[in-house]
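Novice: have a look; sequence and predicted model below, questions after that.
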Amino acid sequence: MKSSKLKKVFPVAWLFYLLIVFEILYMISPFALYYYSSYGPSLNFLNGSQYTAWLTQFFLPHYSESSSTLLNSMAPIGSLLFIGGLLFFLIGAGQIYYAKFTRKGTVSGGLYRIIRHPQYTALAITGLGMVLFWPRFIVLVMYVLMLIVYFFLARKEEKECLEKYGESYAVFMERTSMFFPVKLPVIAGKIILPEERLKRSLAVIMICVFLLITAVTTGIGLRNYSIGSISIHYGENFTAVSVLNLERDHIKSVYDLAASSGELKNLLTRSKIDENDRLISYIIPLDWVIPDLPVDPKEISIRGHYEPEINDPKKFKIMFAKARLHDPKKVHGIDILKEAFGLTPIAVVELDTRTGRILRVRNAPDHVLWGDIPTPMF
């Protein structure tokens, strides 16, 4: 008899767990789409057209030190936000599913005492961490779209909860803010949309387009500020970027010494580089390893970013690459860095500025450690 009851309970229990899994997938699917937008297949697809290649570019420094303390702290802050947001999400999810298991009705304690939708807030924090740590334009665009989707999902859930729980949920909404610990004047809540479905949809689309344009414009401003804050030396047909924050005269002397190498000139000639091509060079301390740049062999890059506490400040390696540009003849100087959507590695020159000697000239690897994923420009 007991065995018979258990056989009936198990299918119901599994169905309950399955519904929970589907609910979680439903909640995090916008975040998942946003997360995977920053990886290979989508980046390579976007990089194939001159109209979408800009979406793969970075708007904050990724491996280059800048003169701005705030910019230099963006990646560590992004990591903290990402981890903190995930923990915040798990706590909120734990409260919800504990209430469902115990049938306690409306969840209004813990995180829900101060925020009506702590899980969406948590995913927004996690997403912001990704934007700061992996700041491509496509990630920024997908982040804004994710926030818009979560806003409408939250409104939909509130409508359902009002129908299910009635007055208790209305009181909960009155005393608790939607996404923030304190109530803020939310413009989105005060916008009056047309009643007619078509006009309402068009109004929502226009608002979304406005938000996306604002985000991209902000990203362009941040990119220009970032490029102005890193160490760069450039001429008519080249741009040289130092991953260290160095004086421009120092960068120029290092670049000029590398560019004087006869072996380098031979490699450039063999690579069929002419006056119409544009070059990007990266000046890196000799002992550093930066797997985001096609500089070191794969077996060295495999250990990831490596910056020794003590390194020789006079020894460098300079990677020379052809900038992939849709119309190279129209791009000059610092704009090479802004317009390039990829690199074709050519050579690496190792040198010692103390003695003024070229130590070695070698071919650059074909790809970075991550394969053909578009490389950050700075």
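Specialist: Here it is on my side, so go on.

Novice: Three-state assignment for the closest residue to Thr56 other than its chain neighbours, please.
Specialist: Computed as CB to CB, 6 or more residues apart in numbering, the closest residue to Thr56 that is not its neighbour in sequence is Pro374, at 4.4 Å. The C-beta positions use only the backbone N, C-alpha and C, and glycine is treated the same way. The local conformation at Pro374, judged by DSSP: H, G, I helix; E, B strand; the rest coil, is coil.

Novice: thought Trp54 was touching Pro374, still the case?
Specialist: No - using CB atoms under 8 Å, Pro374 and Trp54 do not qualify as a contacting pair, with a distance of 11.0 Å.

Novice: these two: which is more packed in?
Specialist: Using other CB atoms under 10 Å as the criterion, Pro374 and Trp54 rank with Pro374 on top: 23 against 20.

Novice: tell me the contacts of the more buried one?
Specialist: Counting by CB atoms under 8 Å, 6 or more residues apart in numbering, Pro374 makes contact with 43-44, 47, 56, 341-342.

Novice: list just the nearest of the residues you listed to Leu212.
Specialist: When the contacts of Pro374 are compared for distance to Leu212 (CB to CB), Thr56 wins out at 16.7 Å.

Novice: so where's the protein shaky on pLDDT?
Specialist: 1-40, 93-112, 182-195 (pLDDT under 70).

Novice: report how many residues lie close to Pro297.
Specialist: 10.

Novice: sorry, back to before: need the residues touching each of Pro374 and Trp54.
Specialist: Phe341.

Novice: if we can go back for a sec, now do the residue nearest to Thr56 against Ala340, distance only.
Specialist: 10 Å (CB to CB, to the nearest Å).

Novice: you'd agree Lys317 is in a strand?
Specialist: Yes - Lys317: assigned to a strand according to three-state DSSP.

Novice: what helix or strand does the residue nearest to it when sequence neighbours are not counted sit in?
Specialist: Leaving aside its sequence neighbours, Lys317 sits nearest to Glu350 (CB to CB, 6+ apart; 4.7 Å). Here Glu350, judged by DSSP states H and E, is contained in strand 343-352.

Novice: could you report the distance from the residue nearest to Lys317 to Val331?
Specialist: Distance from Glu350 to Val331, by CB to CB: 29 Å.

Novice: now do Pro41
Specialist: Taking CB to CB, one finds Pro41 at 27 Å from Val331.

Novice: these two - which one has more neighbours?
Specialist: Set Pro41 next to Val331 and count neighbours by other CB under 10 Å: Val331 wins out with 19 against 10.

Novice: check contacts around that one.
Specialist: The contact partners of Val331, by CB under 8 Å, 6+ apart, come to 278, 323, 325, 339.

Novice: go through those residues and name the one nearest Ile114.
Specialist: After measuring the contacts of Val331 against Ile114 - CB to CB - the closest member comes out as Glu339, at 46.3 Å.

Novice: not counting sequence-adjacent ones, nearest residue to that closest one?
Specialist: In space, Glu339 is closest to Val331, 4.9 Å off (CB to CB, 6+ apart).

Novice: kindly report the same for Ile334.
Specialist: Tyr234 (5.1 Å).

Novice: does the one you found touch Ser242 like I think?
Specialist: No - judged on CB under 8 Å, Tyr234 makes no contact with Ser242 at a distance of 11.7 Å.

Novice: now do the contacts for Val368.
Specialist: So Val368 contacts 291-294, 301, 375 (CB under 8 Å, 6+ apart).

Novice: what is the burial count for Arg360?
Specialist: 12.

Novice: between the helix or strand in which it is found and strand 343-352, how many degrees?
Specialist: If you go by DSSP H and E, Arg360 is part of strand 357-363. Between strand 357-363 and strand 343-352, the angle comes out at 160 degrees (axes from the mean of the first three to the mean of the last three CA atoms, to 10 degrees).

Novice: so what strands line up beside strand 357-363?
Specialist: strand 343-352 (antiparallel) (DSSP bridges).

Novice: list the buried residues for the partner strand?
Specialist: Using 16 or more other CB atoms under 10 Å as the test for burial, strand 343-352 gives 343-351.

Novice: so what touches that strand?
Specialist: 254, 257-258, 261, 263-264, 267-268, 271, 273, 280, 286, 294-295, 314-324, 357-367, 375.

Novice: again with stretch 303-320
Specialist: 63, 240, 254-255, 258, 264, 267-268, 279, 281-291, 293-295, 345-354, 359, 364.
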